[in-house]
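1. Okay, structure incoming, though there's no sequence with it:
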Ligand SMILES: O=C(O)C(=O)C[C@H](O)C(=O)CO
Ligand SMILES: [Zn+2]
């Protein structure tokens, strides 16, 4: 597992494009592999599993000094690919496109499988340390708390589907879901915000080869952007906005961990104050 150390605000001010990409952008989807990245920020682990012929088992790795991955951790899973299965301690969860799964602390064996190796499942994972056991539970788009935000005039009409949150699937600190932009809408989270109480990771997906999302980051008065392509994730530290503008509509998975789970606990920044 690679480790990504945290970058401070003052270091950020002087970083080049390549340095920003190397420190904050995460590229983990690889056919036939399960790749993980350990982030110092909130001790998040971000991962991607794309099983083909055989199933891929989630191992703790030496970085966790644990008997198994979920000994002290919880995980959120989102399938952004073809049909697949996640097996948790002998129970199979069938995962269609955009199905989610919360895996609680204490689950000993977790494995990922595809139904069709030519149209594999693409599992995105986000994990944080957990202090209590909550039951493993599947999430379906039809059961998500759906928040409709934005407008066509502001090019930001979108639906936020909340899976793991205060009033939905229970967790210790993980809050997770995904946001779908309407065709022709390109902005997410604008007007933007920070929330020093939580850090966030975004995974952009549903982009074709020629499309990109300009992910906005940094304090509101000192923004930079990172150009993201399909299935790339980006770490958003506590001091950073997280917003994006695509060359066309896209979808993204957001996941957070930290001090609280209050989705609306945000420090909003007016567009006129951005620099
Ligand atoms: O579309 C949006 O707006 C979002 O999805 C916002 C993120 O979920 C977020 O930043 C939550 O803090
Ligand atoms: Zn946020």
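-> Great, that's in hand. Quantities reported herein were computed from a predicted structural model and do not represent experimental measurements. Ligands and ions are numbered 1, 2, ... in the order given.

2. tell me how far stretch 163-174 is from the chain's mean position?
-> Here the centre of stretch 163-174 is set off from its chain's centre by 14 Å, with Cα atoms, centre = their mean, to the nearest Å.

3. Tell me if that stretch is near ligand 1.
-> No: figure legend: stretch 163-174 not in contact with ligand 1 (Cβ under 6 Å from any ligand atom); closest approach 10.0 Å. Where you see a C-beta, it was placed from the backbone N, CA and C, and this is true even at glycine.

4. who's in contact with that stretch?
-> 74-76, 78, 100, 102, 104-105, 126-132, 134-135, 137, 139, 144-145, 162, 175-178, 255-258, 261-263 (Cβ atoms under 8 Å, 6 or more residues apart in numbering).

5. so for that stretch, what's the average pLDDT?
-> In this model, stretch 163-174 has an average pLDDT of 97.

6. Going by neighbour count, list what's buried in that stretch.
-> Across stretch 163-174, burial judged by 16 or more other Cβ atoms under 10 Å covers 163-165, 168-174.

7. Could you single out the nearest of those to ligand 1?
-> Among the buried residues of stretch 163-174, residue 165 lies closest to ligand 1 (Cβ to the nearest ligand atom), at 10.0 Å.

8. Can you say which of the contacts of stretch 163-174 are buried?
-> 74-76, 78, 100, 102, 104-105, 126-130, 134, 137, 139, 144, 162, 175-178, 255-258, 261, 263.

9. Just these: which are in strands?
-> Using DSSP state E, the subset of the buried ones among the contacts of stretch 163-174 located in strands is 74-76, 78, 100, 102, 126-129, 137, 139, 162, 175-178, 255-258.

10. Extract the residue ranges of the stretch 151-275 of the chain that are flagged as low pLDDT.
-> The stretch 151-275 of the chain contains no residues with pLDDT under 70.

11. Please enumerate the helices of it.
-> Shown for the stretch 151-275 of the chain, no helices are assigned by DSSP state H, counting those that start in this stretch.

12. So which bits of it are right by ligand 1?
-> Contact residues, the stretch 151-275 of the chain versus ligand 1 (Cβ under 6 Å from any ligand atom): 158, 160, 179, 188-189, 195, 200, 242, 254.

13. okay, those residues in JSON lines with neighbour count next?
-> Supplementary listing: these in JSON lines, determined by neighbours: other Cβ atoms under 10 Å:
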{"residue": "158", "neighbour count": "22"}
{"residue": "160", "neighbour count": "19"}
{"residue": "179", "neighbour count": "21"}
{"residue": "188", "neighbour count": "28"}
{"residue": "189", "neighbour count": "22"}
{"residue": "195", "neighbour count": "21"}
{"residue": "200", "neighbour count": "24"}
{"residue": "242", "neighbour count": "25"}
{"residue": "254", "neighbour count": "21"}
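
14. For the residues you listed, name the two members farthest from one another.
-> 158 and 195 (18.8 Å; Cβ to Cβ).

15. Strands of the stretch 101-250 of the chain, residue ranges please.
-> Secondary structure of the stretch 101-250 of the chain (DSSP state E, counting those that start in this stretch): strands located at 110-114, 123-129, 137-139, 145-149, 158-164, 175-181, 187-188, 193-194, 198-205, 213-217, 224-228, 232-236, 243-246.
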